[in-house]
Every structure is written in structure tokens, then in C-alpha cells.
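Trainee: Give me a model of this one.
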Amino acid sequence: MSANRIGAAFKLHFANPMTVVTLPLMIFAFIFAVNWIIWLIVNLAASEEGTEGMTSGTSWSGASMFIFVWLLVLAVQAMNRTFHFALGFGTTRRDYFLGTVAALLALCAGWAVVFGILAGLEELTGGWGLGGHMFAVQYFGSDGPFVRVWYVFLVMLFFAALGLIAGALFVRWRQLGLIGFFAAFALVLVAAFGTIALTDSWERVGRFFAGLGFAGTYPLLLVPVAIAGGLGYLALRRATARS
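Mentor: Numbers count the residues shown, from 1 in each chain. Down below sits the predicted model:
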């Protein structure tokens, strides 16, 4: 294992900043602009009661979900674009995997900080002057800006880990690997929700997570992250470089 080769694999993922940074920022800015215009229209057209209802409703907004899904897609694309190239230049699979993990960690941390700064500005300006919410939403609690960044980072890490294993399976088995991963993921979700529904356990599950709170629930995401990382590495160990 070479630190230089890991660093080279890390930098390889940032060779095209348009895909990694610029394009998602542009899309994110567009999504924000559309939401701001909608908030403005509602404020101009609605009564005071209607505006208060909008403010309450947007606190559960999912408008910022784009960046989480983008990290999943980016991880898949990054593996497909760079794996064969890296192996062609003598990088080992382990070094490539560690460099890729480091790159995804850096991306998640950077986006989480950006998300936290925007959430702080949102609160400081009273919802961008219109009572809207896109970043300081209820899903991340009200434990303060630094804790919010931590929660956002964990969620981003979860999506990036899903992209990592999906990308590794694509590199190993191409389309069949990707289809198999999402099929298995869907079956796991159906089995989990089906078990809860059939055993009438929704109330017990709700009490369990309510007892954990945000501080106890979000760190649980590290379990599937670790599993996805381990399975992704196992898939890459036998993947071959193709032209």
C-alpha cells in the first residue's frame, strides 16, 4: 500500500471539477432559485394565515434531497470512469479503493459544511426573507448548526456508500451488477417494511427511534455504510481492467 498511489487515486476523482463540483452547485442553485420564487409568489398572493402555513409546511421540505442523490450517482460514475484507468497506471485495487473512499469522505464533508452554512443563513434571514425552508429543515433537528452538519454528513455518507457498492458491482459485473444491487436493495426494504407491517410493530419501531432521538438514530447509518464499504471492496478485488 502506497500513500502516493492512494493520493493519486484520490486526485483522480477531482480531475474533472465540472462533474464533481461545478455542475451540482449550478443545479443546486437553480433548485433554490425555483423554491425562492415559489415562496415569493405565495407570500404575495396568500393571506397572513396562508403565509404562516407555508412557513410551517416548508420546514418539512425535501427540496435539498438532490445533493444526497447526486452523491450516490456520482459515486457510481466515479468508479466506472476511473477504475480501469487507475489500474492501467499500476494502482492496486486496495489503493484505488482507499483513495476513492477518501475522495467520497472529502466530498461528503465539504457538502455537509456548505449545507450547514446555508442552513445558518436561512435561519439568520428568516427563511431568506420569505419564511421558506430548504436547509434548516425538521429532518435534522434543532440541536445547533454543528450537530446539524454532523447529521447531514452521516446521511450523505450513507448515500455515497450506496453509490460506492453499486459502482463496484457495476465495475465487476457491468449492468447486471447494478441491476442486481438495486433489486436486492428494494427487496431488503420491502422485507423490512413488510415485517413491521405484518407484526403490527410500527408503534414499537416509532418508540425505539423516538427514544434514540436524532443523536442516536443518525449514527446508526454507519452500520450500512460499513457493510456497503466492505462489500464494495470485495467486489473490486476480483474486478478486471477492461479497455
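Trainee: Could you use CA atoms for every contact and neighbour count after this?
Mentor: OK.
Trainee: Where do the helices of this structure begin and end?
Mentor: 3-12, 17, 23-45, 48-58, 65-88, 93-124, 145-198, 202-217, 222-237 (DSSP state H).
Trainee: List the buried residues for the lowest-mean-pLDDT helix or strand in the chain?
Mentor: Ranked by mean pLDDT, DSSP states H and E, the helix or strand of the chain with the weakest confidence is helix 48-58, at a mean of 72. Within helix 48-58, the residues scored as buried using 16 or more other Cα atoms under 10 Å are 51, 54-55, 58.
Trainee: Could you do stretch 109-121 as well?
Mentor: Buried positions in stretch 109-121, judged by neighbour count with 16+ other Cα under 10 Å: 109, 111-113, 115-117, 119-120.
Trainee: Please work out which residues outside it touch it.
Mentor: By Cα atoms under 8 Å, 6 or more residues apart in numbering, the residues outside stretch 109-121 that reach it are 128, 134-136, 145-146, 148-150, 152-153, 156.
Trainee: Looking at these, state which has the most neighbours.
Mentor: Using other Cα atoms under 10 Å as the neighbour criterion, residue 135 leads the contacts of stretch 109-121 with 29 neighbours.
Trainee: Quick one, grab the pLDDT at the closest residue to that one other than its chain neighbours.
Mentor: Excluding the flanking residues, the one nearest residue 135 by Cα to Cα, 6 or more residues apart in numbering is residue 119, at 4.6 Å. pLDDT, residue 119: 95.
Trainee: how near is residue 85 to residue 175?
Mentor: Counting by Cα to Cα, to the nearest Å, the gap between residue 85 and residue 175 amounts to 19 Å.
Trainee: Flag the shaky bits of the chain, pLDDT-wise.
Mentor: For the chain, the stretches flagged by pLDDT under 70 are 1, 47-50, 241-243.
Trainee: what about the closest residue to residue 160 other than its chain neighbours, neighbour count?
Mentor: Spatial nearest neighbour of residue 160, excluding adjacent residues (Cα to Cα, 6+ apart): residue 72 at 4.7 Å. Residues near residue 72, counting by other Cα under 10 Å, number 23.
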